[in-house]
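In: Test case, fold it:
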Amino acid sequence: MSKVVERFLNYIKVNTTSNENSSTTPSTENQLKFAKYLVKELLNIGIKNVYLTEKGYVIAKIPSNTSKNIPNIGFIAHMDTSADALGENINPKIIKEYDGKDIILNKEKNIILSPEEFPELKNYIGEDIITTDGTTLLGADDKAGIAEIVTAMEYIINNPEIKHGNICIGFTPDEEIGRGSDYFDIDDFGADFSYTIDGGKIGELQYENFNAASAKLVIHGKNVHPGSAKNKMINSIMVANEFLNMLPKAEQPEYTENREGFFHLTYFNGNVENTELHFIIRDFNKSNFKYKKQLFENITKFINDKYRKNIAYIEIHDQYYNMKEKILPLQHIIDIAYKAIEESHITPLVNPIRGGTDGARLSFLGMPTPNLFTGGENFHGRYEYIPINSMEKAVEVILKIIDISLKTF
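Out: Modelled structure (predicted):
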């Protein structure tokens, strides 16, 4: 078994699901436990400058072994996994030389990973694939990224003849709940530019992501006995449905792709008296992003005007922005990664992230940080899988980036 696979299988034994309702950083105790494990591992492979910050960030630095004056380069991945699926008691399966047919993840529960539903599976015929047992997520997002970075760094340490500049490593908590960059000290980290290893399928190179906001809508109704409710009752659930019906139906996630934005209802809870809804708002284009947020404000005002009282309240908070505007002026960062992927005999897939990464906020904080593939597919659910070859290629790309950077500057 290769080192990167062995590491990955060890990492996913620790449940590091983050918790958006927690007020601590990290949001869960197990993330801190995992962080301490990673500190020990980085020290054990020979990195001398490794430390854990007060907020649970793992930072490691490998000093330059060349006289060339080149920029400091960083590699970043996150320790937490999504709460969208169970993240404990993960029982991975290794499918040897995948034959292109259905993969039975769980016979007892009839859970099947099928190429009919997930046609991308056909791209990995003949390869070894790591899957779930159908009851949990796998955790490749982003423990595969961590395993790939650590394995590449171990190779650098064990082969001192490989020349390189200063290399900075960062493992962050709480990326899945949008807090991964909250306490990331880029000055202390010391990289001039970085790459998050947090993408999906093999070959992905991403430097464009959504502009993102969250919205919370609260509606206060008036509960009156239904037998005498005429012209008196205001059913907050029905008002909430009015609000939803005024949003463009075609701009929901299930109807959008590529660079199309969306509104996404993530939470709905209510009764006649009070109803609360949570949304996320996403768009690549800043003007469209602004329009979407304004639409929420306009619909709220319409409802309050209709009922002639303030019964609806909306709170909108920006979360992160499209890092494209911060990265494009530094095209060489993209060029280095693109060349590294090509030299690893992979077809580069330059596409926008229909989501966000730590790199989005880090880019706006002053450290340009595009995103690279881990090799995983179907993140955040029980159908998640990762081809072993893709993980090994990710390690190769990291090493190529280090080498090409040395030659570029």
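In: residue ranges with poor pLDDT in the protein?
Out: Under the criterion pLDDT under 70, no range of the chain is flagged.
In: right, and the secondary structure at Gly134 would be what?
Out: coil (DSSP: H, G, I helix; E, B strand; the rest coil).
In: That one: what's it in contact with?
Out: Contact analysis of Gly134 by CB atoms under 8 Å, 6 or more residues apart in numbering lists 105-106, 109, 111, 113, 382. The way it works is simple: take the backbone N, C-alpha and C, and place the C-beta from them, glycine included.
In: Gly199 now?
Out: Counting by CB under 8 Å, 6+ apart, Gly199 has contacts 205-206, 353, 371-374.
In: Specify which member of those is nearest to Ser214.
Out: Each of those was checked against Ser214 using CB to CB; the closest is Ile353, at 17.6 Å.
In: Run a quick neighbour tally on the closest one.
Out: A total of 23 residues lie near Ile353 under the criterion other CB atoms under 10 Å.
In: what are the phi and psi values for it?
Out: Backbone geometry at Ile353, expressed as degrees, to the nearest 10, gives phi -90, psi 120.
In: Could you check how far it is from His332?
Out: Separation of Ile353 from His332 (CB to CB, to the nearest Å) stands at 21 Å.
In: where along the stretch 1-150 of the chain do the strands fall?
Out: 49-52, 58-62, 73-78, 93-95, 103-106, 111-113, 129-131 (DSSP state E, counting those that start in this stretch).
In: For the first one, buried residues please.
Out: When neighbours are counted by 16 or more other CB atoms under 10 Å, the buried residues of strand 49-52 are found to be Val50.
In: Could you name the helices and strands sitting against it?
Out: helix 29-44, strand 58-62 (3 or more CB pairs under 8 Å, 6 or more residues apart in numbering; DSSP states H and E).
In: roughly how far is it from the heart of the chain?
Out: In this view, strand 49-52 has its centroid 24 Å away from the chain centroid, taken as CA atoms, centre = their mean, to the nearest Å.
In: Give me the buried subset of the contacts of Gly134.
Out: Using 16+ other CB under 10 Å as the threshold, 105-106, 111, 113, 382 are the buried ones among the contacts of Gly134.
In: of those residues, closest to Ile401?
Out: Among those, and counting by CB to CB, the member closest to Ile401 is Leu113, at 31.7 Å.
In: show me what contacts that closest one?
Out: Per CB under 8 Å, 6+ apart, neighbours of Leu113: 102-103, 105, 121, 131, 134, 383, 385.
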